[in-house]
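>>> A predicted structure for the sequence below; I have some questions about it.
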Amino acid sequence: MLTLKNIHKTYQTDKIETIALNDISIQIEKGEFIAVMGPSGCGKSTLLNIMGLLDVPSSGRVFLSGNPIESYKDREVARIRNERVGFIFQSFHLIPDLRVLDNVELPMLYRKVSAKQRRILASEALEKVGLQARMDHFPSQLSGGQQQRVAIARAIVGNPELLLADEPTGNLDSHMGEEIMQILERLHREEQTSIVMVTHDEQLARRTGRILRMHDGHLIGVAA
Amino acid sequence: MIRNYLLTAWKVLLRRKAFTFISLFGITLTLTILLVCSTVLDNTLFPQGPQRTSSNFLQVQRVKTVSADKNSTWRSGPGFKFLSLNVARLASPEKISFFSMNERGTSFLAGQKLINTIKRTDAIYWEILDFDFIEGRVFSKSEFERGAMVCVINKSTKGEFFKDGQAMGQRLVVNNQSFEVIGVVEDVPFFEDVAFADIWVPYTSSASTQYRENFMGGWAALLYHPNPKMLQDIKEEYAQILKDDLKTTDPERFAVCYSTADSMLERIARTFSGSMDEESGIGLLFTMLALLALGFMVLPSINLINLNISRILERSSEIGIRKAFGASSRELVFQFLVENLLITTLGGLLGLLFSWLILFQIDQSGLIPGFQYHISLHVLLYGLGLVFVFGVVSGVYPAYRMSKLHPVNALKGSV
């Protein structure tokens, strides 16, 4: 489904060049659940951003369903992100001024979907994460675990093929982290959603189908 | 989608109260001043008083003469003699009226000195202009011809002379002449200068007939036609007479005369341009007004642009989220413009309210007699137009900057 070939990513700050990713090649198949592990600053998030088309590699190529991403214009990339990719962030990134339901609806704003249909889809997504009763609350009225469940509902409301989770349990205690992991596992199992999850938790990583280990921008190991 | 944008915008406005206050203050102040100025301008260009018939008449108010030796020129209003020799011969106007420029009228009432403005007119003047009569009537053609000592006064003058008592049939003495009041009209705003006066009397009632001999100074004419399209013919005929068949009292002193029959707008434009030829300078006038309005809007716009850019920095995370979930640059620009139009519309509504209050106060204070304080449809449209321009101008650049933020940097808040 998603193929990364010889990806390099470097950042230029003043006179220093930082290599974030160094010759990374990965193939992600439909329905896979992959964990990405490695120490802080090894390039995990950069890799996830490139997979999610939020960032472009300095060199190398990204293929989605066999099509090279560099051939798409800005608007087309935005559309692909909207229809085929869902993001879950460590710090939730909910919009504080919007209610839970409006936050979950957000990806559907950029599709040709009626307001009524948006409501229904958002409500269904919230039901999947067990938060339908909280749809009229604001993010600040929810616990961390609940906010991350709202973020998951937002990520899955558009029924994406690929879910990218950047340390989704990183800001949560173990109990709440477990809840989130169970939701992700259920989505993977029941909806065949491909998931790539960055994590520092070895226990959680072992519950996925494949672990990619990174160090200093290199892919140093793949464990099934 | 727009509901979501408006909801977000509203929440941001409530959350950032200081920002909202500064933005609204700037927009409201700018629009209030522009709307008040526009209303005054609107009342001048589109009169609501007696000059509401202005699309049907032209005015002759300025003449420039050049002597035969070209050493002497004279610019002033036309004299009665000039008008009777040249303007009275025009065949194309349906009605021609002569009237004097305003003169000062002095009266003494119970030991108090009263100063008023007098206009001396003919009877046709009242047929061309559309005065609002409170009581009484205009002077008739026969009263005019026999020089009857009658007058029409405005409401304020009635109050000055007669308080709350009866004015009709009473006499008032102005400049040592006694006139019988035969009509009372609503006050006329000063910017309707063709109609403006406190007391109107037949010019045939003048104590002296010397005015009839003056070639230059102190008079004006109205040239009326029921069909506004015919006004161009009147202009051309007048130009033709002055060019080919000028009648003058002194061929040496007044060998050549330059004068134009102007619409109200043309005459206002000439006041600014000083032009005496066919080109009145309307284009220049409107360019000046537009530049003035634009110039006045530039500073608050820059202020709002700066505020908007700093607001973007605060909301970078939201921009990153929207980009991550599929918002294109174009959609983000649209969102930000909607937000900006919301705040400018709020400012616009407050501006309208304040303008109304200020105009109402001007009206109540009697500062400008006869001033129409209501905001007309024209001004409302100017106002809405200005709000829109203001919203777009101050929103486009920040919106563009916002839409170009890199989503990863925006999510990190490092913009």
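All right, it came through fine.
>>> specify the local secondary structure of the residue lying closest to B:Val185 once chain neighbours are set aside.
In space, and not counting its chain neighbours, B:Val185 is closest to B:Phe131: 4.6 Å by C-beta to C-beta, 6 or more residues apart in numbering or on different chains. To be clear about C-beta, it is placed using only N, CA and C from the backbone, and glycine gets the same treatment. Secondary structure, DSSP: H, G, I helix; E, B strand; the rest coil: B:Phe131 is coil.
>>> what's the neighbour count on B:Phe131?
Neighbour count of B:Phe131, defined by other C-beta atoms under 10 Å in any protein chain shown: 19.
>>> wait, what's in contact with the closest residue to B:Val87 other than its chain neighbours?
Among residues not flanking B:Val87 along the chain, B:Ala221 sits closest, at 4.8 Å (C-beta to C-beta, 6+ apart). Residues in contact with B:Ala221 (C-beta atoms under 8 Å, 6 or more residues apart in numbering or on different chains) are B:59-60, B:78, B:83, B:87, B:96-99.
>>> okay, now B:Ser92: neighbour count?
Neighbour tally, B:Ser92, other C-beta under 10 Å: 16.
>>> where does it land on pLDDT?
For B:Ser92, the pLDDT comes out at 95.
>>> thinking again about what came up before, so the residue nearest to B:Val87 lies in a strand, does it not?
Yes. Counting by three-state DSSP, B:Ala221 is located in a strand.
>>> okay, now the domains of chain B?
Annotated domains of chain B cover B:2-48+B:284-412, B:54-279 [automatic domain parsing].
>>> distance between the ends of the shortest one?
The first residue of domain B:2-48+B:284-412 is 26 Å away from its last residue (C-alpha to C-alpha, to the nearest Å).
>>> got it, and the last one?
Between the start and the finish of domain B:54-279 there is a gap of 20 Å, counting by C-alpha to C-alpha.
>>> got any ranges where chain A has weak pLDDT?
A:224 (pLDDT under 70).
>>> flag every residue of it that's near chain B.
Proximity of chain A to chain B (C-beta under 8 Å from any C-beta of the partner chain) is limited to residues A:49, A:52, A:54-55, A:74-75, A:78-79, A:81-83, A:87, A:89, A:93, A:95, A:97-98, A:102, A:105-107, A:109-111, A:115, A:154, A:158.
>>> out of those residues, which are buried?
A:49, A:52, A:54-55, A:78-79, A:81-82, A:87, A:89, A:93, A:95, A:97-98, A:102, A:105-107, A:109-110, A:154, A:158 (16 or more other C-beta atoms under 10 Å in any protein chain shown).
>>> next step: those restricted to strands.
Using DSSP state E, A:Phe87 are the members of these that sit in strands.
>>> got the contact list for the residue nearest to B:Val185?
Contacts for B:Phe131 were tallied using C-beta under 8 Å, 6+ apart; they are B:50, B:138, B:152, B:185-186, B:188, B:195.
>>> ditto for A:Leu2
A:26-28, A:51, A:62-64, A:162, A:194.
>>> now whatever residue of chain A ends up closest to chain B: how far from A:Asn159?
As assessed by C-beta to the nearest C-beta, chain B sits closest to A:Asn82 within chain A, at 2.3 Å. Going from A:Asn82 to A:Asn159 by C-beta to C-beta, to the nearest Å gives 11 Å.
>>> same thing with A:Met51?
18 Å.
>>> which of the two has more neighbours?
Neighbour count, other C-beta under 10 Å: between A:Met51 and A:Asn159, A:Met51 has more, with 22 against 14.
>>> thinking that one is in contact with A:Ile7, fair?
No. Checked against C-beta atoms under 8 Å, the pair A:Met51 and A:Ile7 is beyond contact range at 9.5 Å.
>>> which residues of chain B lie near chain A?
Taking C-beta under 8 Å from any C-beta as the contact definition, chain B meets chain A at B:1, B:3-4, B:7-8, B:11-12, B:15, B:317-318, B:320-331, B:406-408, B:411.
>>> buried subset of the residues you listed as a ChimeraX selection?
Entered in ChimeraX, the line below selects the buried ones among these, by 16+ other C-beta under 10 Å:
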select /B:1,4,8,11,12,317,318,320,321,322,323,324,325,326,327,328,329,331,406,407,408,411
